[in-house]
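*Asks:* Provided below are the primary sequence and the corresponding predicted coordinates.
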Amino acid sequence: MSLSWGQTGTGRPLEAPPGRRVTVQGMSQLDKLRQAMGPAGVDAVWISDPANVRALSGFTSPKDAKVLVTAHAVTLYTDARYTVQAQEDSPLPAFIARPPETYQHAAPSLSGLRVGFEAEHMTVAVLEDLREHWPDAHLIPLRELGRGLRMVKTQQEIEAVRAAQALADRVYAEVRPSIRAGARERDIALDIEMRLRQAGAETAFDIIVASGPRGAMPHGVASDRVILDGELVTIDMGARLGGYHSDMTRTVAVGEPSDEMLRVYRAVLEAEEAAVAAVKPGVRAADLDTLARDILTRHGLGEAFAHSLGHGIGLEVHEGPSLRGVSTDVLEPGMLVTIEPGAYLPGVGGVRIEDLLLVTENGHEVLSRAEKDRL
Ligand SMILES: CSCC[C@H](N)C(=O)N1CCC[C@H]1C(=O)O
């Protein structure tokens, strides 16, 4: 059964109010997608990655939606729980139904076409359903569609991430005084989360608060551990605001850290600042990773840098470009990237320092402004 505009019955199109069609959030992404369709050997694309659904439609519950893009039409498919929301959020014409009506509605427009689908976001069961309902279409798996669509951000997306980061900076500054001996990691994370939520945001991911030896865990989410005097504490936090994410890490000293951890901190800071300074259009992402890794290696910490230098960010915390040693990505204006070298010493502790940057025409802008400890 389907419902459209408050009626029960067969699914049917839901037209967006005409006045909203020009202010299309995902318009440039839609153009990009259409341009890519020919070279990819497809005439239409069935979008099921929630981040791509949101980028193309603006719809804020994209896990419960799909978008069908053909050369001349684009349709948002969602169900009757979202009739009002689809109209409020999205300039796209929506069709309100659940599968199989969704597939039946799309079938006539796909007859004889090569229809791409997102291989990483398609279950075997749904693929079988599509084959059954679209017998006259040729289904073609596509990979990494989001990279092409979302690696270079629109101005609107940049402002959304800037706002998320500004909020995270503010919350970090508010919470910073409570990172002290006797505090429990979990209480610091809770305080951060509450302040983000009070401001209308959510945490971008489980907040990492890793103190003392737990600092050796790059993904050491806040635990019941109580911070001790003389320890370093790694705080990795982000805000999710309007669907867009921020990401930033600071490592702070509680009292006087050991000489060993001071040395590690200074080495990571040197690597981080050098990599940040090198961010500009035309730079190969892999070379940035190498630059930071070489500095840490000179300090005897190459092995301790257990992950890549960074990643792109936007509708997902981790998206293109990839700042890994094997990445073939080249930085372009409009990309949003993190720079986050770290060094992790099992049984001892760890340090990570991370900034969020916008690649600009002439270089970069650091969006994360939260103060760093100068140890
Ligand atoms: C689970 S989201 C983690 C956010 C964090 N800033 C981050 O991206 N990383 C921490 C360790 C490396 C890097 C990652 O690849 O997960």
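*Replies:* Yep, it's here.

*Asks:* got the phi and psi for the residue lying closest to Lys280 once chain neighbours are set aside?
*Replies:* Distances taken as CB to CB, 6 or more residues apart in numbering place Gly363 nearest to Lys280, at 4.5 Å, with adjacent residues excluded. Any C-beta I mention is one placed from the backbone N, CA and C, and that applies to glycine too. Dihedral pair for Gly363: phi 170, psi -110, per degrees, to the nearest 10.

*Asks:* the one 10 residues further on now?
*Replies:* Here the main-chain torsion angles of Asp373 (degrees, to the nearest 10) amount to phi -70, psi 140.

*Asks:* got the residues of this structure near the ligand?
*Replies:* By CB under 6 Å from any ligand atom, the residues of the chain that approach the ligand are 205, 218-219, 236, 247, 249, 307, 311, 317, 340, 354.

*Asks:* give the contact list for Ile179.
*Replies:* 188, 227, 233, 235, 252, 254 (CB atoms under 8 Å, 6 or more residues apart in numbering).

*Asks:* relative to the ligand, how far out is it?
*Replies:* 17 Å (CB to the nearest ligand atom, to the nearest Å).

*Asks:* go on, Glu193?
*Replies:* 14 Å.

*Asks:* columns distance to Leu336 and neighbour count on top of the contacts of Ile179, output as JSON lines?
*Replies:* Formatted as JSON lines, those follow (distance: CB to CB, whole Å; neighbours: other CB atoms under 10 Å):
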{"residue": "Ile188", "distance to Leu336": "26", "neighbour count": "23"}
{"residue": "Ile227", "distance to Leu336": "32", "neighbour count": "24"}
{"residue": "Val233", "distance to Leu336": "26", "neighbour count": "24"}
{"residue": "Ile235", "distance to Leu336": "21", "neighbour count": "25"}
{"residue": "Val252", "distance to Leu336": "25", "neighbour count": "21"}
{"residue": "Val254", "distance to Leu336": "31", "neighbour count": "19"}
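
*Asks:* nearest to the ligand among these?
*Replies:* Ile235 (10.4 Å; CB to the nearest ligand atom).

*Asks:* quickly list what the closest one is bridged to.
*Replies:* Counting by DSSP bridges, Ile235 forms beta bridges with Val209, Arg250.

*Asks:* just Phe117 next, same as before
*Replies:* With DSSP bridges as the rule, Phe117 is bridged to Trp46, Pro141.

*Asks:* show the backbone phi and psi for Glu185.
*Replies:* The phi/psi pair for Glu185 (degrees, to the nearest 10) reads phi -50, psi -50.

*Asks:* what's the helix or strand for the nearest residue to Ala106 once chain neighbours are set aside?
*Replies:* Excluding its sequence neighbours, the residue lying closest to Ala106 (CB to CB, 6+ apart) is Leu68, at 5.4 Å. Element membership of Leu68, judged by DSSP states H and E, is strand 65-70.

*Asks:* and the contacts of that strand?
*Replies:* 30, 33-34, 37, 43-48, 50, 52-53, 56-57, 59, 74-78, 82, 86, 92, 102, 106, 109-110, 113.

*Asks:* and if we set it to 7 Å?
*Replies:* Contact with strand 65-70 is made by 30, 33-34, 43-48, 53, 56-57, 59, 74-78, 106, 109, as judged by CB atoms under 7 Å, 6 or more residues apart in numbering.

*Asks:* how many neighbours does the closest residue to Gly116 other than its chain neighbours have?
*Replies:* The shortest distance from Gly116 to any non-neighbouring residue, by CB to CB, 6+ apart, is to Val42 (3.7 Å). Counted by other CB atoms under 10 Å, the residues lying close to Val42 total 21.

*Asks:* need the three-state assignment for Val42.
*Replies:* The assignment at Val42 comes out as coil when based on DSSP: H, G, I helix; E, B strand; the rest coil.

*Asks:* so what does the helix or strand hosting Leu356 touch, helix or strand wise?
*Replies:* Leu356 is part of strand 355-359, with elements assigned from DSSP H and E. If you count contacts as 3 or more CB pairs under 7 Å, 6 or more residues apart in numbering; DSSP states H and E, strand 355-359 packs onto strand 336-339, strand 364-366.

*Asks:* ok, back up a step: look up how far Ala277 lies from the residue nearest to Lys280.
*Replies:* To Ala277, Gly363 is 9 Å away according to CB to CB, to the nearest Å.

*Asks:* and the chain, split by domain according to the record?
*Replies:* Using automatic domain parsing, the domains assigned to the chain come out as 5-148, 155-366.

*Asks:* among the residues of the chain next to the ligand, the buried ones, what's the ChimeraX command?
*Replies:* Buried residues within those, by 16 or more other CB atoms under 10 Å, are selected in ChimeraX with:
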select :205,218,236,247,249,311,317,340,354
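
*Asks:* could you dump the residues of the chain next to the ligand to TSV with pLDDT?
*Replies:* Compiled in TSV, those are given as follows (pLDDT from 0 to 100):
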residue	pLDDT
Phe205	98
Pro218	98
His219	98
Asp236	99
Asp247	98
Thr249	99
His307	98
His311	98
Val317	98
Glu340	99
Glu354	99
